[in-house]
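> here are the coordinates; sequence isn't available:
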């Protein structure tokens, strides 16, 4: 049995709209797209032309700095458009799918007989390498690096997130093949939740398994790395989502890139929150069709409420999104004298509201939370707010201040190499000064990376 | 037309180019006072906790209310005792209310005027930090403090202690205490001695004019007469002369309960201030010099002067106190120790809480630096392994 690491800090936000463990049928999307912005740190170079035919697994764009890193079409079809934004920045490459899907055949391979180099080149060829992220900097990994290790977190503790054990059902073989492939590249560690019992996780082979117990962000891979073996200056570790590990398994077992993923469609504004089987890059309108009542006043989030991005029916399921969330936007809500009113139905971790009482007397009460910031930005006033939800051996306040002041030496000393913006998402949620912490951390990481290059 | 629509309809006047643009900060201040801002998140987390700095500040003001109300009553009570008049509850409270109210008004008028001006000038929003400071200031000065001195002191502290550093959250010294310190050093006669603690004249027909009134605080008595004043329950209830809000341990305790329960004040800081004070009082009882202050029992030290008020409302100010959890223990402990040390060792002035807190405000960043540096060293050691 694996070692259990208990985390005392953290917070499970009691948000309404948890997905039920059942899969609803989703109609096929009429458009798929890959957005380069999902792949942080990549400079995209589009390698297809509009109206060109592509198969599933054929490159749509590559990274200018590492041309061997490809980003491939999730479906076969015709390239519909290369959408560009300001200064001709590539926003997305969209593909209209064929009725019958054709795949690039990469050939079935036995992972056991492959070397690390062969596994790596198979991942590069198939475009799955683009799903590896690295610490430091939380950017897409570079194939030239030799990582100290690869970390996979097999549970997502973010609000309303899909239950990976449910997602894993039927994919156990592919998952294990994926893990075995990773272990050929570097020493691989799997972080599981103490409540997970699936044999494919608890008794996963070729990897070290650690179990974590505690509230969010226990499922964040960065937190797990910090507790297992923190990243030091000069070291590189790679991280990858468990859903992508299944993709890797399929590549070796079936010889194809099959980016079909079971995602959660959740949130207080979704009728019947549950799971849907979709291919990444699918247009969100196909996923949400008939499942949201008040589109005009809702916010559609590509991903979860903490780290996901605001989207619309015209948006596309992000390459790393394992869920779509719909919550009220709230811009039409005017709360009178909110600073003094009791505000019974309002969720807060602070005891200045009554929701903490309901947390004691009816801990199952869930709240509808809209997207209002509910305050204005201030300098940091309260102390220790971040610490309570930041279970890493780092002083988050001091790291943030070092980033704001652009002090590279202090950023390093305070542990910026170990963090990703997502680790600060809960801090941003609870912050009474309403600072945009994830943006600050992202900018800090980008500056540091530019400085070190 | 409801209030919300009316606010929206007058907004264009305050925008860039509008005829009332010079009052933009005032408009925004009042708008966010009336309604929770309904701006939605643009980046980062899509949801936010409902707790913001306005709610935090107002909780502190609510926590201060028992001490303020009791303080008003006590101002009247001390006056009528001195005047040898017996009256019912309401005239006593009314007298104190009328004595203290002008100080509250002056404190807020001067402080907020500066805040609004700075906000307008820097194109920023009004920051609500002064809501608390402005309420505390009338509570930590005698009820006789002249209004013009109070106004100068408030202006000095808001500008020099806060705004030049960047406003609420950037100051390293407690604004309210700097106001008091300014009066203490610039106009010592209005905040020390035996004639300032009880109001000696009639206000709006209430009370009476008393000639040659003197009333010393208990700490003042101890330092001048070299005799420890006998402990009485009045010291706990607060029916003794002193600054407006500092006398009642009970009223301050009510505020402390709210602050601790809502988690706005750190229990670590609060507890360690008391621990430091008690410890130092016991040390002086055993080994101290031969004077009344050193012989004063620890519970009397705690009840008298501004010790409780400082421990509960000033030491715990999150901006100027230590910000690391370990640092809070050290910071609080040293405040308690310093406050009693100053009381005992300083012959000039019988109170030490203000100077102790201001001194530790200066050292709080150093304490935090040491705590954070341990983490930094640990990280550096990891690489060298």
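Structure's in. What do you need? Source: prediction; values computed, not measured.

> got any ranges where the stretch 251-385 of chain B has weak pLDDT?
Low-confidence regions of the stretch 251-385 of chain B, defined by pLDDT under 70, span residues B:385.

> chain A contacts on that one?
Within reach of chain A by C-beta under 8 Å from any C-beta of the partner chain, the stretch 251-385 of chain B has these residues: B:261-264, B:266, B:318-319, B:321-325, B:368, B:372, B:375-376, B:378-380, B:382-383. Quick note: C-beta positions are derived from backbone N, CA and C, even for glycine.

> again, only this time at 6 Å
Residues of the stretch 251-385 of chain B that fall close to chain A, judged by C-beta under 6 Å from any C-beta of the partner chain: B:262-263, B:318-319, B:323, B:372, B:375-376, B:379, B:382-383.

> could I get those residues as JSON lines with neighbour count and secondary structure?
Output for these, formatted as JSON lines (neighbours: other C-beta atoms under 10 Å in any protein chain shown; DSSP: H, G, I helix; E, B strand; the rest coil):
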{"residue": "B:262", "neighbour count": "20", "secondary structure": "helix"}
{"residue": "B:263", "neighbour count": "20", "secondary structure": "coil"}
{"residue": "B:318", "neighbour count": "21", "secondary structure": "coil"}
{"residue": "B:319", "neighbour count": "22", "secondary structure": "coil"}
{"residue": "B:323", "neighbour count": "26", "secondary structure": "coil"}
{"residue": "B:372", "neighbour count": "22", "secondary structure": "helix"}
{"residue": "B:375", "neighbour count": "17", "secondary structure": "helix"}
{"residue": "B:376", "neighbour count": "17", "secondary structure": "helix"}
{"residue": "B:379", "neighbour count": "20", "secondary structure": "helix"}
{"residue": "B:382", "neighbour count": "14", "secondary structure": "helix"}
{"residue": "B:383", "neighbour count": "10", "secondary structure": "helix"}
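
> redo the residues you listed as TSV? Include distance to residue B:291.
Supplementary listing: these in TSV, determined by distance: C-beta to C-beta, whole Å:
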residue	distance to residue B:291
B:262	41
B:263	40
B:318	36
B:319	36
B:323	37
B:372	40
B:375	44
B:376	45
B:379	49
B:382	53
B:383	55
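
> check what pLDDT residue A:2 gets.
Residue-level confidence at residue A:2 comes out at 64, pLDDT.

> got it, and the one 3 residues further on?
As predicted, residue A:5 sits at a pLDDT of 93.

> hang on, isn't it packed against residue A:212?
Yes - counting by C-beta atoms under 6 Å, residue A:212 is a contact partner of residue A:5 at 5.2 Å.

> neighbour-wise, which of the two wins?
In this view residue A:5 and residue A:212 are compared by other C-beta atoms under 10 Å in any protein chain shown, and residue A:212 has more residues nearby, 29 against 18.

> buried sites along stretch B:5-24?
For stretch B:5-24, the neighbour count (16 or more other C-beta atoms under 10 Å in any protein chain shown) marks B:14, B:23-24 as buried.

> wait, which of the residues you listed is closest to residue A:120?
Minimum separation from residue A:120 among the buried residues of stretch B:5-24 (C-beta to C-beta) is found for residue B:24, which lies at 58.4 Å.

> and residue A:237, bridged to which residues?
Beta bridges link residue A:237 to residue A:135, residue A:149, judged by DSSP bridges.

> show me the domain layout of the chain.
Chain wasn't specified; assuming chain A. If you go by automatic domain parsing, the domain ranges for chain A are A:3-24+A:107-254, A:32-97, A:260-328, A:373-452.

> correction: the question concerned chain B.
Domain assignment for chain B by automatic domain parsing gives B:3-34, B:56-372.

> any idea how far the first one is from the chain center?
By that I understand domain B:3-34. Here domain B:3-34 shows a centroid-to-chain-centroid distance of 32 Å under the convention C-alpha atoms, centre = their mean, to the nearest Å.

> then stretch A:130-137?
In terms of C-alpha atoms, centre = their mean, the gap separating the centre of stretch A:130-137 from the centre of its chain is 12 Å.

> which positions in the stretch 351-453 of chain A make contact with chain B?
Residues of the stretch 351-453 of chain A lying near chain B (C-beta under 6 Å from any C-beta): A:351-352, A:369, A:371-376, A:378-383, A:395, A:398, A:413, A:415, A:425, A:428-430, A:432, A:436, A:438-439.

> quick one: buried residues of stretch A:111-129?
Residues of stretch A:111-129 classed as buried under the neighbour-count rule (16+ other C-beta under 10 Å) are A:111, A:114, A:119-120, A:122-129.

> end-to-end on that stretch?
Length of stretch A:111-129, first residue to last, C-alpha to C-alpha, to the nearest Å: 16 Å.

> same thing with stretch A:229-246?
25 Å.

> still on that earlier bit, which among the residues of the stretch 351-453 of chain A next to chain B count as buried?
Of the members of those, the ones counted as buried by neighbours, 16+ other C-beta under 10 Å, are A:351-352, A:369, A:371-376, A:378-383, A:395, A:398, A:413, A:415, A:425, A:428-430, A:432, A:436, A:438.

> in what helix or strand does the closest residue to chain B within the stretch 151-300 of chain A lie?
Per C-beta to the nearest C-beta, residue A:232 is where the stretch 151-300 of chain A lies closest to chain B, at 4.7 Å. In this assignment (DSSP states H and E), residue A:232 forms part of neither any helix nor any strand.

> now residue A:246
Assigning secondary structure by DSSP H and E places residue A:246 in helix A:242-254.

> the helices in the stretch 201-350 of chain B, which residues?
Assignment of helices within the stretch 201-350 of chain B using DSSP state H, counting those that start in this stretch yields the ranges B:218-225, B:233-237, B:249-262, B:267-287, B:292-295, B:298-303, B:307-309, B:325-345.

> now swap in the stretch 101-250 of chain A and tell me
Taking DSSP H, counting those that start in this stretch to define them, one finds helices in the stretch 101-250 of chain A at A:116-126, A:164-168, A:172-185, A:199-202, A:221-228, A:242-254.

> and the ones you listed, which is most packed in?
The highest mean neighbour count among these, using mean count of other C-beta atoms under 10 Å in any protein chain shown, belongs to helix A:242-254: a mean of 24.

> report pLDDT for the residue nearest to residue B:166 when sequence neighbours are not counted.
Nearest residue to residue B:166, sequence neighbours excluded (C-beta to C-beta, 6 or more residues apart in numbering or on different chains): residue A:379, at 6.9 Å. Turning to residue A:379, the model gives it a pLDDT of 91.

> residue A:379 touches residue B:171, doesn't it?
No - when contacts are counted by C-beta under 6 Å, residue A:379 is not listed as touching residue B:171 (9.5 Å).

> next, count neighbours for residue 110.
I went with chain A, as the question did not name one. Residue A:110 is surrounded by 10 other residues when neighbours are defined as other C-beta under 10 Å.

> hm, I was asking about chain B
Counted by other C-beta under 10 Å, the residues lying close to residue B:110 total 22.

> center of the chain - which residue?
I'll assume chain A. residue A:320 (5.0 Å; C-alpha atoms, centre = their mean).

> could you do chain B instead?
residue B:136 (4.0 Å).

> show me what secondary structure element comes after the helix or strand harbouring that one.
For residue B:136, the host element (DSSP H and E) is helix B:129-136. Moving toward the C-terminus from helix B:129-136, the first helix or strand encountered (DSSP H and E) is helix B:147-156.

> in the stretch 1-150 of chain B, what residue is nearest chain A?
Checked against chain A (C-beta to the nearest C-beta), the nearest residue in the stretch 1-150 of chain B is residue B:52, 2.6 Å away.
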